[in-house]
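In: Sequence first, then the predicted structure, then my questions.
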Amino acid sequence: MKISASILAAKLTGLATELPTYKKESIDLIHIDVMDGNFVPQISFGEAFTKEVKSHTDIPLDVHLMVSNPELHVPKYFDLKPYCITFHIETTNFSVRLAEEIKKQGIRVGVSLNPQTPPESISQILPYLDLVLLMTVDPGFYGQSFVKSGFEKIAAVRKLTKPYDIELEVDGGVNESNMEELAKLGVDITVVGSGLYKTGDPNAQGKKLKELAASGRTRS
Ligand code: DX5
Ligand code: ZN
């Protein structure tokens, strides 16, 4: 199980000193939640901040765009060569074109679904994807509880993505209580915000979550 650290839940002003301390065996990806104040009510950070984050870490960036009109924003992240760029299926009528544009840059392409968006909404675009990011909370806030329909939805999305070489990423309300079950369901990447930062030691917590996932996998 890869752990993608959602820095939205970290102390942002301390990141320049904190990011270089992250150990690759605990934290695989740095999750960047870009919010535009339109698709979601908050404004978080954009490409300038993301560039700053990159300058303090070698851990690959996992860019999650919670923005309207993603076609205007996606190209801003090309130079940063992130691990992947993920846009929301609810935000665009140009998902195939956008996916191809990202791929052309040698960057993995992801599509995200909100909790109320049916799994079938991504059926047509699956052959173009490297990753599906399933939201298990409403987008825009960290520290919310994993939605009740979460496990069922993950199983449904896993069924759709299985014939393809697509990573399944789950974002929202992930913590020690559900990590084993997520691993059992075949989730490849979990985004962890408050569940990683609450202890004040993200390296130790990341390691612990990976151990729980490993034990979940062996029981699947
Ligand atoms: C929510 C964001 C998440 C969030 C996760 O809109 O996409 O990445 O920061 O935080 P937790 O793990 O606290 O739910
Ligand atoms: Zn996110």
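Out: Received it, and whenever you're ready, just let me know what you need. If you're wondering where the values come from, they're calculated on a predicted model, not measured in any experiment. Numbering: from 1, shown residues only. Ligands and ions are numbered 1, 2, ... in the order given.

In: quick one, helices of this structure?
Out: 15-18, 47-54, 70-73, 95-104, 150-161, 179-184, 194-197, 202-218 (DSSP state H).

In: Rebuild these as CSV, extending it with distance to residue 81.
Out: Yep, even glycine has a C-beta here, placed from its N, CA and C like the rest. Below are the helices of the chain laid out as CSV (distance: least, C-beta to C-beta, whole Å):
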stretch, distance to residue 81
helix 15-18, 20
helix 47-54, 9
helix 70-73, 16
helix 95-104, 12
helix 150-161, 24
helix 179-184, 28
helix 194-197, 24
helix 202-218, 23
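
In: now the ones you listed as CSV including mean neighbour count and mean pLDDT?
Out: Output for those, formatted as CSV (neighbours: other C-beta atoms under 10 Å; pLDDT from 0 to 100):
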stretch, mean neighbour count, mean pLDDT
helix 15-18, 14, 97
helix 47-54, 15, 98
helix 70-73, 17, 98
helix 95-104, 17, 98
helix 150-161, 17, 97
helix 179-184, 22, 97
helix 194-197, 23, 98
helix 202-218, 17, 96
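
In: Nearest to ligand 2 among these would be which one?
Out: helix 194-197 (12.2 Å; C-beta to the ion).

In: The closest one and ligand 1, are they touching?
Out: Yes - against ligand 1, helix 194-197 shows contacts by C-beta under 6 Å from any ligand atom at 194-195.

In: what residues does that helix touch?
Out: Applying C-beta atoms under 8 Å, 6 or more residues apart in numbering, the contact partners of helix 194-197 are 3, 5-6, 9-11, 27, 142-143, 173-176, 202, 205-206, 209.

In: next one: that helix to chain centre, how far?
Out: In this view, helix 194-197 has its centroid 14 Å away from the chain centroid, taken as C-alpha atoms, centre = their mean, to the nearest Å.

In: can it be found next to ligand 2?
Out: No - residues of helix 194-197 contacting ligand 2 under C-beta under 5 Å from the ion: none, with a closest distance of 12.2 Å.

In: Quick one: residues contacting the residue in the chain that ligand 2 sits nearest to.
Out: Scanning the chain for the residue nearest ligand 2 gives residue 64, at 3.9 Å (criterion: C-beta to the ion). By C-beta under 8 Å, 6+ apart, the contact set of residue 64 is 31-34, 86, 110, 112, 133, 171, 191.

In: Over to residue 217?
Out: Residue 217 is in contact with 1, 183-184, counting by C-beta under 8 Å, 6+ apart.

In: Let me know the closest of these to residue 16.
Out: Taking C-beta to C-beta as the measure, residue 16 lies nearest residue 1 of the contacts of residue 217, at 27.7 Å.

In: Is it correct that the closest one is in contact with residue 189?
Out: Yes - the pair residue 1 / residue 189 is scored as a contact, 7.4 Å apart, by C-beta atoms under 8 Å.

In: Apply the buried test to the contacts of helix 194-197 and list what passes.
Out: Buried by 16 or more other C-beta atoms under 10 Å: 3, 5-6, 9-10, 27, 142, 173-175, 202, 205-206, 209, out of the contacts of helix 194-197.
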